[in-house]
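Participant: Structure for this input, please:
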Amino acid sequence: MQSQKLSSQLAAQEEKQKEQKKRKGKLVGNGLPRLLTGDEFYSQVVEFEKEGRAEVTTAWKVAEIARREHNKVQRQEYKVELTAWVVERDAAKLEKRQPRWGQPKLGKLEPPLPKPVFERIEGEDVGGSKGEGDEGGSDGGSVSGTADD
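Facilitator: Residues are numbered from 1 along each chain as shown. Predicted coordinates:
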């Protein structure tokens, strides 16, 4: 009994290590020294981080779609139960009696999952274009600020 428990724990630990190795990969795989500030290595690091971000973002999107579908199904079931209750309530009013059951409750829906947050990479194209727009907006704000005076 004890050996089964230990073997299952060992197997779980090995699977976890395999998953971590698959996710992380290696940027410096040959064991030789490398210039970490070089342009080529830096671009490899940026690309590696973008791939990691893409994997996390797609996993989040899949989970978010599943959550929305679950909530949608739950709302539809609630509407069906509510219409049946309304019919019963109206029939009870006509017969001057109490309804057989209480009004159904929607219940708790699954809350939205937090969107993954990443640190900004200096070499990103998306961040650069947004940064230029922000600078123009701040200049426009100072111009409109002088017009208000």
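Participant: Residue nearest the middle of this protein, spatially speaking?
Facilitator: W60 (3.4 Å; C-alpha atoms, centre = their mean).
Participant: Am I right that that residue is in contact with F118?
Facilitator: No. Using C-beta atoms under 8 Å, W60 is not in contact with F118, being 11.4 Å away. All C-beta atoms are positioned from the backbone trio N, CA, C, and that covers glycine.
Participant: Identify the residue spatially nearest to the residue nearest to the centre of the chain, adjacent ones excluded.
Facilitator: If the residues on either side of it in the chain are set aside, W60 comes closest to P116, at 5.4 Å by C-beta to C-beta, 6 or more residues apart in numbering.
Participant: Got the phi and psi for that neighbour?
Facilitator: Phi and psi for P116, reported as degrees, to the nearest 10, are phi -60, psi 140.
Participant: tell me which element R89 falls in.
Facilitator: helix 39-94 (DSSP states H and E).
Participant: same deal with Q17?
Facilitator: Per DSSP H and E: helix 2-24 holds Q17.
Participant: try P33
Facilitator: P33 is part of no helix or strand when elements are defined by DSSP H and E.
Participant: so how far is E47 from it?
Facilitator: P33 sits 21 Å away from E47, going by C-beta to C-beta, to the nearest Å.
Participant: Looking at those two, which is more packed in?
Facilitator: Shown here are P33 and E47; by other C-beta atoms under 10 Å, E47 has more neighbours (12 against 7).
Participant: List the buried residues of stretch 89-108.
Facilitator: If you call a residue buried by 16 or more other C-beta atoms under 10 Å, then stretch 89-108 has these buried ones: R89.
Participant: List the contacts of that stretch.
Facilitator: 74-75, 78, 81-82, 85, 88 (C-beta atoms under 8 Å, 6 or more residues apart in numbering).
Participant: Please produce CSV containing those residues, extended by neighbour count and distance to Q2.
Facilitator: Listed next are the contacts of stretch 89-108 as CSV, based on neighbours: other C-beta atoms under 10 Å; distance: C-beta to C-beta, whole Å:
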residue, neighbour count, distance to Q2
Q74, 15, 44
R75, 13, 49
Y78, 15, 49
E81, 15, 50
L82, 14, 54
W85, 16, 55
E88, 14, 58
